[in-house]
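> fold the following for me, if possible:
(2 chains, ligands or ions: 1)
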Amino acid sequence: MTVVLATAVNEHLANISNYLIYSAMAVYLLAMLAHCFEWTFGSRGAVARRSAEQGGSLAEAAAAAARPAGARKVTVTVASAGGGTTTLTRTALAGEGAAVVTSGRGGDEADGPGAAGTDEQADLLGRMAVSLTVLGALVHFGGVLTRGLSVTRWPWGNMYEFSCALALTAVLAYLGLLAAGKKVRWLGLPVVLSALLTLGLAVTVLYTDSEQLVPALHSYWLAIHVSAAIVCGGAFYAAFVATALYLLKDAYEKRAAAGKDGGPLGVAPSVWRRLPAAGTLDKLAYRINAVIFPLWTFTIIAGAIWAEKAWGRYWEWDPKETWSFITWVAYAAYLHARATAGWKGRKAAYLALLAFACFLFNYYGVNIFVTGKHSYAGVG
Amino acid sequence: MSNTDTGSTTDTGSPDPRRPLDDEAAAERLSTAPVEERPDDAAPAFGVLGWLRWTWRQLTSMRVALILLFLLSLAAVPGSLIPQTSANALRVAQWKADHPGLAPLYERLQLFDVYSSVWFSAVYILLFVSLAGCIVPRTWQFAGVLRSRPPAAPRTLSRMPVYATWRTAADPQQVTAAAERLLRGRRFRVHASGGAVAAEKGYLREVGNLLFHISLFGLLVAMAWGSVGGGQGGKLVLEGQGFSNTMTQYDDFQGAPFYGADQLEPFGFKLDGFSATYQTRGDQLGTPRDFTARIRYWTGTDSSRLHKGAIKVNEPLEVAGSKVYLIGHGYSPVVTVRNGRGDVVFHGPTPFLPQDNNLTSTGAIKVGDYGTRDGKPGRKVQLGFSGIFSPTAPVKADPLTGWNSLFPAAADPKLILTAWAGDLGTDAGIPQNVYQLDTSHMKQLRQDGDLARAALKPGQGWKLPDGYGTLTFDGYQQWASFTIAHRPGNAVALGSAVLAVLGLIGSLLIQRRRVWVRASAVGGATVVETAGLARSESARIAEELAELAVALQDDAPAAEDGPQDPDGPQDRNGPGDRDGAEDRDGAEDRNDAGTREHAEARPHGSGTTEERG
Ligand code: HEM
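From the prediction side, this is the model:
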């Protein structure tokens, strides 16, 4: 019998990690406030912005029409669901490789201008919020990194660490979309808010001291399986936000079409108007879910391979496995629904919400309420 | 998406009697998904055959597949909340004891064996039948698609979801030839006829989709194979002892129809030592950090050719088609019992079972061959000791927790025993729990007017009352328990799983789409028309068409004076076109609005807007 001391934990780094996580929360809080003000002030100019923007793009189109001789230009007409049409214009300048793509949208499906509307002050606040989010993400990343360094392993061995990493991926995914030039600043408020909630839950309820892992977790599959799960979590979450907003915006659009005042949830129409069109939100949600579904499938398979190595059986209907399976089938049902007549639109969206609820339950519910072989998450 | 709740909308581009014939061929199904039933033809025909056919069509429809998927996830829920026999029979027994009222009902509903229950099986078997009924015709149909040409251009290209046109001075034939070259260069399958070019791309989507669904069968087969051709057994091994893979050596064994005593491959191993590492400070004091079983193993019948190895929690030993997993560990106190005359009647280790995280362990030392008290002929008796082994014992028994261990490693071990004499019941041939005394025919020994009891440190002895002799606690050994599993089907399962993921990637990330180019001479100039059609959710078809069209303008430059965006030569709103927009494949989803920059009010021509208005 030998009693060997476990690899030491660098307490200093572990403490720094804790400070960084708290600091990140403070910065996110400021970012959230800035976003709130952005939405509030943005209501002042939303309507004005719409007409201004249309004027602007017409001017732009006129400018594009007056193109130099030899330029090639094609306008593609795209029929849209509401019976309206959209155009997409691609201009390639003669002798240059560069192509300019302008797209226009007609009819009822216009995407809103975003949280800031046309208000310059609101726009400034929105930019500040994004800057703060970037800062928060940096600090947050530092927190996750130092946590990992303090124990020289991947920092997702328990629920606290998993939550910190999950919140970080969600924020990074959002910032990544912004950096890629996508107009998703409207996602800022829900993303930052949920990062704050996740971290809040992590530091209060789920907190576990930085320590080495139990033998069951000594495997490179921890890095593979759990990091895939974290990425899936972030993406499913983003898709969930888009789905929920789709349902609300769709309700708003139907109401507006029926000539009724007010918006769903008692939120002012100006907020709904500034969001992207329901169709856009729905598509965004579908895309994220569709792209991430293969990765979720992989996550489950990686888990099964690990289970085979650790427990001798790749599938034992352990509660965690079962709920991953339930989540997987629920998302498969959602994808099926998108291809089944009579199930598209709102019904499919409800399935997506249900699937995400399964994911959440698998993460929080199963760890906290159900005992199984996965019960080394460091809680209770 | 919001306008498709009508139910009668078809998204699969299925034949629609109201649609002109050539359109139908062109927009012919971009997916091999089963055609949706319309509510009006759902009524079954007369007769048994009619009913059967109707049932089969229902079962293999997308709608029923969806419902079955939903049911499958629902049916999996109870098994995660109610203890399952397969996972933990002890917890099931406990649960039954705690809920005597509900237990029989649950038993009837097979709620303790959800995943092998009739109703759970029914759902997944139906789903797989539905899947088979869906895949076979789809594969067939897809093979047909691969052999045939891309469908010819519809007469009214302007009715396709994305459309672009311009006038050029170039010759129509030159334009189609250029288009053909261009599309081939972009790896479309191309067919030119009648002044138009038809092209299609993205077949891998369908391949991926079929591959994914077929590999689900692979998974099912692998699981079935694993459960009829595989099995596992458990074995507890003391340090210094060994195991060889024959039926008699197992503590417990779960075989299968094709896995029994005759199928056990010869191999074995010796446990040289077991080491455990624990957290020694902080909140998580005592949490295990590493377990290693050091072994030497052999394969075949020659047990003298040994290979060194180690088994850890995530690192099973792979040997002779089986895997050996480290499952548990614990302590075996070593004691020597002498009778009244001083003869050794028992010596050796006895495995004790851990009861908590600090490895407070309980067990029973059964001295079956005690004989008589003084070693002379007479009435034989047996001794039994029921005990607690505490690897790091408190200095004094705690009033609440007794001798419960404070730390899982054996820093300050103690063995706490009570003694019994009488009949152990081991000679009756009935299997007994080795960790417990059956005291129904035994009497507890008393000492100094109290129950006889001792708390011993290694090396200490205990003089038993009533002249029964002595017991010495010599020390302890560790034991490790292993699962030896043989699972055939695993490679097939893994292969299927990998194919499933690849199939999904193809299915979800690749777009199948068609592009047509037509050049027709109209009043001295050539009108070039291009149109595209993609599966729903495609955002890129518009961009792709624009890119193609711009590239085509190298060979068919737009006439400077022509209208920017004229209507096609045919009227966009031809009679009989009422449903056109909806019947097109995925007509509701083709803008990547996420990247739209401007809200531009520029309805196209006399477009479809009024049609809906
Ligand atoms: C064993 C259960 C099943 C699972 C887990 C499953 C899963 C999936 C998934 C995840 C997709 C999305 C991929 C995509 O959209 O291309 C899909 C698509 C599809 N599934 Fe299944 N499926 C199952 C059974 C079935 C059955 C029984 C049918 C036939 C009735 C079917 C027909 C289809 C079709 C036609 C698509 C393509 C939909 C499209 O083109 O968008 N599936 N399935």
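
> list the buried residues for the helix or strand hosting residue A:177?
Applying DSSP states H and E as the criterion places residue A:177 in helix A:159-179. Buried positions in helix A:159-179, judged by neighbour count with 16 or more other Cβ atoms under 10 Å in any protein chain shown: A:159-175, A:177-178. Where C-beta positions appear, they are placed from N, C-alpha and C, glycine not excepted.

> quick one: mean pLDDT for the helix or strand just after that helix?
As assigned by DSSP H and E, the chain's next helix or strand after helix A:159-179 is helix A:188-204. For helix A:188-204, mean pLDDT is 89.

> stretch B:555-574 too?
52.

> cool, stretch B:150-160 as well?
pLDDT averaged over stretch B:150-160 gives 83.

> which phi and psi does the residue lying closest to residue A:177 once chain neighbours are set aside have?
Spatial nearest neighbour of residue A:177, excluding adjacent residues (Cβ to Cβ, 6 or more residues apart in numbering or on different chains): residue A:184 at 4.8 Å. Dihedral pair for residue A:184: phi -120, psi 30, per degrees, to the nearest 10.

> now do residue A:184 against residue A:12, distance only.
The gap separating residue A:184 from residue A:12 is 38 Å, by Cβ to Cβ, to the nearest Å.

> how many neighbours does residue B:456 have?
Neighbourhood size, residue B:456 [other Cβ atoms under 10 Å in any protein chain shown]: 20.

> what residues are bridge-paired with it?
Beta-bridge partners for residue B:456, by DSSP bridges, are residue B:415.

> distance check, it against chain A.
18 Å (Cβ to the nearest Cβ, to the nearest Å).

> also residue B:253?
Separation of residue B:253 from chain A (Cβ to the nearest Cβ): 14 Å.

> that residue: what's it in contact with?
Residues counted as contacts of residue B:253 (Cβ atoms under 8 Å, 6 or more residues apart in numbering or on different chains) are B:231, B:232, B:233, B:234, B:247.

> give me the low-pLDDT residue ranges for the chain?
You didn't pick a chain, so chain A it is. Scanning chain A for pLDDT under 70 picks out A:1-9, A:43-71, A:80-86, A:92-118, A:209-218, A:370-380.

> try again with chain B
Applying pLDDT under 70 to chain B flags residues B:1-29, B:31-45, B:283, B:536-539, B:560-613.

> helices along that one, start to end?
Using DSSP state H, the helices of chain B run over residues B:21-26, B:47-59, B:62-76, B:78-81, B:89-98, B:103-108, B:118-147, B:172-185, B:203-229, B:490-509, B:540-552, B:580-583, B:609-612.

> tell me the most buried of those helices?
helix B:540-552 (a mean of 23; mean count of other Cβ atoms under 10 Å in any protein chain shown).

> on that earlier part again, and of the helices of chain B, who's closest to residue B:329?
Set against residue B:329 and scored by Cβ to Cβ, the helices of chain B come closest in helix B:89-98, at 18.9 Å.

> chain center to the closest one, what's the gap?
Remark: helix B:89-98 is offset 27 Å from the chain centroid, using Cα atoms, centre = their mean, to the nearest Å.

> for it, packing partners?
Contacts defined by 3 or more Cβ pairs under 8 Å, 6 or more residues apart in numbering or on different chains; DSSP states H and E place helix B:89-98 against no helix or strand at all.

> kindly recompute the last result at 10 Å.
helix B:103-108 (3 or more Cβ pairs under 10 Å, 6 or more residues apart in numbering or on different chains; DSSP states H and E).

> what's the helix it packs on in contact with?
B:78, B:82, B:92, B:93, B:95, B:96, B:97, B:99, B:111, B:112, B:113 (Cβ atoms under 10 Å, 6 or more residues apart in numbering or on different chains).

> next, format those as TSV and append distance to residue A:274.
Output for the contacts of helix B:103-108, formatted as TSV (distance: Cβ to Cβ, whole Å):
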residue	distance to residue A:274
B:78	45
B:82	48
B:92	55
B:93	60
B:95	53
B:96	58
B:97	60
B:99	54
B:111	50
B:112	54
B:113	54
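
> find the pair from those residues with maximum spatial separation.
Spatial extent of the contacts of helix B:103-108 (Cβ to Cβ) is set by the pair B:78 and B:97 at 19.6 Å.

> coming back round to it: selection in PyMOL covering whichever of the contacts of residue B:253 are buried, please.
Here is the PyMOL command that selects the buried residues among the contacts of residue B:253 (16+ other Cβ under 10 Å):
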select buried, chain B and resi 231+232+233+234
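
> hang on, the earlier thing: ok, now which ones touch the residue nearest to residue A:177?
A:114, A:173-178, A:191, A:238, A:242, A:276, A:284, B:594.

> helix or strand next in line after the helix ranked longest in chain A, which one?
Looking across chain A with DSSP H, the single longest helix is helix A:278-311. Next helix or strand after helix A:278-311 toward the C-terminus (DSSP H and E): helix A:319-338.

> how far off centre is that following helix?
Distance of helix A:319-338 from its chain centroid, counting by Cα atoms, centre = their mean, is 19 Å.

> in chain A, which residue is most central in space?
The centre of chain A sits closest to residue A:238, judged by Cα atoms, centre = their mean, with a distance of 2.5 Å.

> show me where chain A has strands.
A:3-5, A:72-79, A:85-92, A:99-105 (DSSP state E).

> can you count the residues close to residue B:318?
Applying other Cβ under 10 Å, we find 10 other residues in the vicinity of residue B:318.

> residue B:490 versus that one, what's the distance?
Separation of residue B:318 from residue B:490 (Cβ to Cβ) stands at 11 Å.

> over to residue B:153?
From residue B:153 to residue B:490 the distance is 51 Å (Cβ to Cβ).

> what's the answer for residue A:362, then?
25 Å.

> before we move on, what about residue A:185?
For residue A:185 relative to residue B:490 (Cβ to Cβ), the value is 48 Å.

> and residue B:204, by the same measure?
According to Cβ to Cβ, residue B:204 stands 29 Å off from residue B:490.

> could you do residue B:514 as well?
In this view, residue B:514 and residue B:490 are 42 Å apart by Cβ to Cβ.

> likewise residue A:255?
55 Å.

> give me the number of residues near the one residue in the stretch 151-300 of chain A that gets nearest to chain B?
Of all residues in the stretch 151-300 of chain A, residue A:280 sits closest to chain B, at 3.5 Å by Cβ to the nearest Cβ. Here the count is done by other Cβ under 10 Å, and residue A:280 has 26 residues near it.

> can you pull the contacts of residue B:500?
Under the contact definition (Cβ under 10 Å, 6+ apart), the residues listed for residue B:500 are A:294, A:297, A:298, A:301, B:211, B:212, B:213, B:214, B:215, B:216, B:218, B:219.

> which residues does the residue nearest to residue A:149 when sequence neighbours are not counted contact?
Nearest in space to residue A:149, with sequence neighbours left out and distances taken as Cβ to Cβ, 6+ apart, is residue A:13 at 5.3 Å. Contact partners of residue A:13, counting by Cβ under 10 Å, 6+ apart, are A:145, A:146, A:147, A:148, A:149, A:150, A:151, A:152, A:210.
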